[in-house]
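Visitor: Here is a sequence together with a model predicted from it:
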Amino acid sequence: MDKRQARFEQLYEKADDPYQLKTRWYEARKRAILLATLPRPRYACAFEPACGIGELTHALALRCDELIASDFSSRALLMAVERNREFSHVRFERQVLPQDWPRSPCGYDLIVISEVGYFLDEEEMTAVARHCGETLEPSGTLVACDWRPAFEGRTLSADRVHEILGSLALPRIARYEDADFLLTVWARSGLSVAQQEGIRAQT
């Protein structure tokens, strides 16, 4: 177990919800914004690494036929499994990024990289981006969401995380930023929601 893993195991031993994902309006609002930016109402197969205690997982499960969620904290995963026990189509795995990136036989049409990239170094984050590019389906959506202010333990800025993912050269279809967090959505098709539904012409 490396220092990062040990830090998170200790964090979750001290508190079941150390980031107050269940109680903070900031977290509920951020999840709502992320979900609202997804360009499709439903996805066939999604991957959410660094799922923590599974609050975002629970929201994503309502819009996915199959969802793989992972974390490297065994204690966080126990709580995530409990939070999502009603869903038989959600699978949890203990993984370390980037080396344990799972390969789905069907590929992923949604990948959500939320609040994890800034803990990785440049080489690791570049490998994560490469895995995203290799496993994202032709109709796929890639989402990144990251806390912006500085804090102890971060190795990359939110802007740098999104720049590395942006190097995949996928069409960017949405971006939201405020003083607290940065959210970017890319889609291989490059089509807006209105274009997908035939409300406006495809260019």
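Guide: Noted; the coordinates are in hand.

Visitor: for A28, helix, strand, or coil?
Guide: helix (DSSP: H, G, I helix; E, B strand; the rest coil).

Visitor: gap between it and H162?
Guide: Per Cβ to Cβ, to the nearest Å, A28 is found 23 Å from H162. Placement of C-beta: from N, CA and C, glycine included.

Visitor: which residue ranges form the helices in this structure?
Guide: In the chain, the segments counted as helices under DSSP state H are 3-14, 25-37, 55-61, 74-83, 122-135, 158-166, 193-196.

Visitor: tell me the mean pLDDT for the first one?
Guide: Mean pLDDT, helix 3-14: 74.

Visitor: just stretch 115-123 next, same as before
Guide: 96.

Visitor: helices or strands next to the longest strand along the chain in the packing?
Guide: In the chain, assigned by DSSP state E, the strand with the most residues is strand 136-147. Using 3 or more Cβ pairs under 8 Å, 6 or more residues apart in numbering; DSSP states H and E, the elements in contact with strand 136-147 are helix 25-37, strand 108-114, helix 158-166, strand 181-187.

Visitor: Just name the most buried of the ones you listed.
Guide: Ranked by mean neighbour count under mean count of other Cβ atoms under 10 Å, those are led by strand 108-114, which reaches a mean of 25.

Visitor: chain center to that strand: distance?
Guide: Distance of strand 108-114 from its chain centroid, counting by Cα atoms, centre = their mean, to the nearest Å, is 6 Å.

Visitor: quick thing: my sequence starts at 17, can you match it?
Guide: In the new numbering, first residue 17, that becomes strand 124-130.

Visitor: Run through the neighbouring helices and strands of that strand.
Guide: strand 59-64, helix 71-77, helix 138-151, strand 152-163.

Visitor: For G149, give me the pLDDT.
Guide: The model's pLDDT for G149 equals 96.

Visitor: Can you tell me how far it is from P55?
Guide: 18 Å.

Visitor: Next up, the contacts around the closest residue to E29 other than its chain neighbours.
Guide: Closest residue in space to E29, ignoring its immediate chain neighbours: R91 at 6.4 Å, by Cβ to Cβ, 6 or more residues apart in numbering. Neighbouring residues of R91 by Cβ atoms under 8 Å, 6 or more residues apart in numbering: E25, Y28, E29.

Visitor: tell me the contacts of A166?
Guide: So A166 contacts nothing (Cβ under 8 Å, 6+ apart).

Visitor: Likewise for I180?
Guide: Each residue near I180 by Cβ under 8 Å, 6+ apart is listed here: G133, E138, M141, T142, V144, A145, L172.

Visitor: For those residues, work out which two are farthest apart.
Guide: A145 and L172 (11.7 Å; Cβ to Cβ).

Visitor: Which one of these two is surrounded by more residues?
Guide: A direct count of neighbours by other Cβ atoms under 10 Å for A145 and L172 places A145 higher, at 22 against 19.

Visitor: Which pLDDT value belongs to the more buried one?
Guide: 98.

Visitor: Fine, thanks again, bye for now.
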